[in-house]
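Participant: here is my input, please return the structure:
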Amino acid sequence: MTTKSLYVELHAKPGREEDVAAFLESARGLVDAEPGTTAWFAVRFDKSTFAIFDAFVDDAGRDAHLNGKVAAALMANASELLASAPQIRKADVLADKLPG
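Facilitator: Predicted coordinates:
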């Protein structure tokens, strides 16, 4: 069962909205290589507001993701792409429904 998650809210700088969208779309391949990441979603709420939602079986999977390539790339590009620092929120999963 999924027990841990992350919610990361992102606000693009004016004029960089499509760059943030492209970054998130390209991150999929990096996440595919993370065996501890059970589910991963990159979403867009409006022109400049994005978020990442991830789910993990345990803390080890979540920690590996936070120390992985997607997080490193996001932080390396944050000042260029984002209007403010990413807001990373850790949460415990109370219930889930996943395929399989």
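
Participant: C-alpha only now, for contacts and for neighbours.
Facilitator: Fine.

Participant: longest helix anywhere in this protein?
Facilitator: Assignment by DSSP state H gives helix 69-81 as the longest helix of the chain.

Participant: for it, give me every contacting residue.
Facilitator: 12-13, 16-17, 19-20, 27, 30-31, 65, 84-86 (C-alpha atoms under 8 Å, 6 or more residues apart in numbering).

Participant: skip the chain neighbours and tell me the closest residue to the residue most central in space within the chain.
Facilitator: Nearest to the geometric centre of the chain sits Ile52, at 3.3 Å (C-alpha atoms, centre = their mean). Distances taken as C-alpha to C-alpha, 6 or more residues apart in numbering put Ala42 closest to Ile52, at 4.5 Å, once the chain neighbours are dropped.

Participant: wait, is the one you found part of a helix?
Facilitator: No. Assigned with DSSP: H, G, I helix; E, B strand; the rest coil, Ala42 falls outside any helix and is strand.

Participant: no further questions, thank you.
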